[in-house]
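Q: Everything below, folded, please.
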Amino acid sequence: MSDRDAILDRITAVRQRIAGAGADPARVRIVAVSKGFGPGVAQTAVSAGHVDLGENYAQDLVAKASAVEPGPAGPPRWHFVGGVQRNKVTKLAPLVDLWHTVDRADLGRAIARHAPGAGVLVQVNVTGESTKGGCEPAATGPLVDELRAVDLDVRGLMTIGRLGDADASREGFARLAAIARELGLEELSMGMTDDLQEAVAEGATLVRVGTAIFGPRPRKTAGDVRH
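A: Presented below is the predicted three-dimensional model:
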């Protein structure tokens, strides 16, 4: 089986999981996250007809965006799904279709300066874990207002579930969906390989999937520090 066919089969399996969770697979976009892999893997996904690609590191997105050519469904749409430093925004701004991890006003202002009207999601920390990014749930509405005040297109919310605890993840996803409803926001980026069914059951419209599509990530090498 070719790499292209293998990725097609894995994407099909993810769509079956989405359907099994009770959602229309056409309603939920799969963001294929190639974190840790080279541009060739992203190119294979695009050549297989997949357009929504996610990256966690600024330098990797910049490198892949210059290397990956359009596929049968058109050019890739790049989603930035990792933490971002403001000094990386300038290079990312022309490339990112949707910023998933905007969790503070100063980052929003930096994006607005370099990409006026950019599409963004507000990252919310629904688990309370200090290791996760995101604003406090109570701060979500005010942050949405601040981002809209600088003319960003706030499309919805994003969160990361509690790893290894499906019930806790689902509770957090339900909380995020409730906040989105209160704010009149439509997009919900939540759910990854291990908890996408719980996320879809609570209304996810975007799932960020890496391992289930590309396989286990390559091990980092010494000195591999990226932002």
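
Q: going forward, measure contacts between C-alpha atoms and count neighbours the same way
A: Noted.

Q: In this protein, what residue spans correspond to helices?
A: Secondary structure of the chain, counting by DSSP state H: helices at 3-20, 39-47, 58-67, 89-92, 105-114, 140-149, 166-183, 196-201, 211-214.

Q: closest to Leu157 out of those helices?
A: Of all the helices of the chain, helix 166-183 sits nearest to Leu157, with 6.7 Å by CA to CA.

Q: List the buried residues in that closest one.
A: Residues of helix 166-183 classed as buried by neighbour count (16 or more other CA atoms under 10 Å): Ala166, Ser169, Arg170, Glu171, Gly172, Phe173, Ala174, Arg175, Leu176, Ala177, Ile179, Ala180.

Q: which secondary structure elements does it contact?
A: Using 3 or more CA pairs under 8 Å, 6 or more residues apart in numbering; DSSP states H and E as the contact criterion, the elements in contact with helix 166-183 are strand 153-158, strand 187-189, helix 196-201.

Q: Mind putting the ones you listed into JSON lines with mean neighbour count?
A: Listed next are the helices and strands packed on helix 166-183 as JSON lines, based on neighbours: other CA atoms under 10 Å:
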{"stretch": "strand 153-158", "mean neighbour count": "24"}
{"stretch": "strand 187-189", "mean neighbour count": "26"}
{"stretch": "helix 196-201", "mean neighbour count": "25"}
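
Q: which outside residues touch stretch 66-80?
A: 31, 39-40, 42-43, 46-58, 61, 65, 95-101 (CA atoms under 8 Å, 6 or more residues apart in numbering).

Q: List buried residues within those.
A: 31, 39, 42-43, 46-58, 61, 65, 95-101.

Q: any low-confidence regions in this protein?
A: Applying pLDDT under 70 to the chain flags the ranges 219-227.

Q: in it, which residue is closest to the centre?
A: Nearest to the geometric centre of the chain sits Val81, at 4.2 Å (CA atoms, centre = their mean).

Q: these two touch, right, that residue and Asn56?
A: Yes: contact criterion CA atoms under 8 Å: Val81 and Asn56 qualify, at 5.2 Å.

Q: can you tell me which of the helices and strands packed on helix 166-183 comes nearest to Val14?
A: Nearest of those (CA to CA): helix 196-201, 8.8 Å.

Q: In this structure Leu188 contacts Val200, no?
A: No: the criterion here is CA under 8 Å, and Leu188 misses it with Val200 at 9.5 Å.

Q: Return the residues in contact with Ser61.
A: To be clear, residue 61 is Leu; Ser isn't right here. If you count contacts by CA under 8 Å, 6+ apart, then Leu61 has Glu55, Trp78, Phe80, Leu92 around it.

Q: Bridge partners for Phe80, pull those for me.
A: Glu55, Trp99 (DSSP bridges).
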